[in-house]
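K.L.:
kindly generate the corresponding structure for this input.
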Amino acid sequence: MTDDLNVLLPLSRSVVVKDETLTIEPFLFKDIKKVSGYVAIFRNNMAQGEKEDVSLLDIAINHSDEILEVIGLATSKDATWCGKLDVASVLELIGAIVEVNLDFFSRLLFPRVKEMMERIEAGVKSSRG
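P.N.:
Prediction:
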């Protein structure tokens, strides 16, 4: 039963970046306040995107330092190492971080992402006719 639960809600995930295997684990309690602050920034930007034309790419560009900070917290890597990541590695790491910390992100961030995606989908449908 425990193995089945770990498949659905993994306690950790390994990601290979720069020929190094990194194990992504749930955030430590000491990091929750900082990560929650970053999630609030992203949520607020997504809310702004509902009023203006702000995309997820805009948010990523405008908050790349915060994204790299979250990666640093999750990987125990320093800012210099994180700053040398390519886009594909950043996306893979963020995906793993969200997956492993799904409960944390689902309460704080996913409602805004869902709203933004629904708005985008509605816009695409209305532009088609």
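K.L.:
partners of R13 in the sheet?
P.N.:
I24 (DSSP bridges).
K.L.:
quick one, what contacts the residue nearest to the spatial centre of the chain?
P.N.:
Geometric centre of the chain, nearest residue: I94, 4.6 Å, by C-alpha atoms, centre = their mean. I94 sits next to 67, 70-71 when contact means C-beta atoms under 8 Å, 6 or more residues apart in numbering. In this view, the C-beta of every residue, glycine as well, is placed from N, C-alpha and C.
K.L.:
what about the helices in the protein?
P.N.:
With helices called from DSSP state H, the chain shows them at 2-8, 29-51, 56-62, 64-75, 79-83, 87-100, 102-108, 110-128.
K.L.:
redo the contacts of I94 as TSV? Include distance to M117 and pLDDT.
P.N.:
TSV is the format used below for these (distance: C-beta to C-beta, whole Å; pLDDT from 0 to 100):
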residue	distance to M117	pLDDT
I67	19	90
V70	21	92
I71	23	94
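K.L.:
could you single out the nearest of the residues you listed to S127?
P.N.:
If you rank the contacts of I94 by distance to S127 using C-beta to C-beta, I67 comes first, at 29.8 Å.
K.L.:
pull up the distance across stretch 59-67, start to finish.
P.N.:
10 Å (C-alpha to C-alpha, to the nearest Å).
K.L.:
quick one on the thing from earlier: make CSV out of the helices of the chain and add distance to L22.
P.N.:
Converted to CSV, those look like this (distance: least, C-beta to C-beta, whole Å):
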stretch, distance to L22
helix 2-8, 18
helix 29-51, 16
helix 56-62, 20
helix 64-75, 5
helix 79-83, 10
helix 87-100, 8
helix 102-108, 18
helix 110-128, 24
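K.L.:
compare those helices and give me the one nearest S14.
P.N.:
Going by C-beta to C-beta, the one of the helices of the chain nearest S14 is helix 87-100, 8.3 Å.
K.L.:
how about low-confidence regions in this protein?
P.N.:
Within the chain, the ranges that satisfy pLDDT under 70 run 1-10, 45-56, 104-113, 129.
K.L.:
what about N101, neighbour count?
P.N.:
20 (other C-beta atoms under 10 Å).
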